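1. Prediction below, plus the sequence it came from.
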Amino acid sequence: MRSTDRTTVREGSAVVWREALGVAIATSAYGISFGALAVAAGLDVWQACVLSLVMFTGGSQFAFIGVFASGGVAALPAAIASAGLLGVRNVAYGMRMSPIIGSGFLRRAAAAQFTIDESTAVAISQDDPRLARLGFWVTGLGIYLGWNATTLVGALLGDVLGDPRVWGLDAAAAAAFLALLWPRLKQRQAVVVGAAAAVVAAALTPVLMPGLPVLVAAVVAIVVGWFNWLGRDERPAVEVAS
């Protein structure tokens, strides 16, 4: 490798390190909220920490404790199903990241744990495959370590607060999940899907056990997305010959 190439790669690596660590630090801060809300939802400190260690996908974790908080142990199956539905997107991320990660069972097994929104975004923003690989691992590992550390801090703080209803934290899990969802509502279809799902969930809440209205609302979202109702027409425009 020529010296100019080595210099370019070195400079690119430094940029990727800064970008990845910046994303990791910013994302890890949300772990404090998750830890506190998990304890407020009824989980023990160790249960909140195990959830971050094993599940490790922010949206799914907030969805899990949001449903669990509404129905306790009885809503556990629905909470798991809700988290699983949100986690399906990681399968698509895995397919996209497969050529970047490379072959080898152990490498792919380790990468599966760190394939999340942020690590995928940092990786695919790089033009060089080596920098993409570096961005993926630094971001994924950085967030994993930071997220689990801040989860413990948040869980301990939440445990100190005592009864969550005194502080209004019994509704905070749903509010936190809504805060994650809101920035994604940029297109007409997303807004309509969100509104329809909310109406369906609210209408079914009085008649179904906790957690099930969320799953029914998720089916509404899946059906709308599958048929691309109210979505943009992706067909290319027909050019008129001059």
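-> In hand now; what should we look at?
2. quick one: average pLDDT of the longest helix seen in the chain?
-> Counting by DSSP state H, the longest helix found in the chain is helix 129-161. Across helix 129-161, pLDDT averages out at 91.
3. i'd like the first residue to be 60 from this point on
-> Yes, from this point I'll number from 60; that puts the last item at helix 188-220.
4. Who are the packing partners of that helix?
-> Applying 3 or more Cβ pairs under 8 Å, 6 or more residues apart in numbering; DSSP states H and E, we find helix 188-220 packed against helix 62-87, helix 89-99, helix 104-113, helix 148-160, helix 164-173, helix 176-183. C-beta: built from backbone N, CA, C; applies to glycine.
5. Include mean pLDDT and mean neighbour count when you put those helices into TSV, please.
-> Shown next, in TSV, are those (pLDDT from 0 to 100; neighbours: other Cβ atoms under 10 Å):
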stretch	mean pLDDT	mean neighbour count
helix 62-87	79	14
helix 89-99	86	25
helix 104-113	93	17
helix 148-160	86	15
helix 164-173	91	13
helix 176-183	88	21
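6. and of these, who's closest to Ala138?
-> Between Ala138 and the helices and strands packed on helix 188-220, the tightest spacing by Cβ to Cβ is seen for helix 104-113, at 10.6 Å.
7. so after the closest one, what's the next helix or strand?
-> Note on helix 104-113: by DSSP states H and E, the next helix or strand toward the C-terminus is helix 117-130.
8. coming back round to it: so for Ser119, which of the helices and strands packed on helix 188-220 sits nearest?
-> Closest approach to Ser119 among these is made by helix 148-160 (8.6 Å; Cβ to Cβ).
9. Helix 164-173 and the closest one, what's the angle between them?
-> Orientation check (axes from the mean of the first three to the mean of the last three Cα atoms, to 10 degrees): helix 148-160 against helix 164-173 gives 140 degrees.
10. So which elements touch helix 148-160?
-> The contact analysis (3+ Cβ pairs under 8 Å, 6+ apart) places helix 148-160 against helix 164-173, helix 176-183, helix 188-220.
11. closest to Leu112 out of the ones you listed?
-> So among the helices and strands packed on helix 148-160, helix 188-220 is nearest, using Cβ to Cβ, at 5.8 Å.
12. surely Leu181 meets Val75?
-> For residue 181 the amino acid is Val, not Leu. Yes. Taking contacts as Cβ atoms under 8 Å, Val181 lies within contact range of Val75: 7.4 Å.
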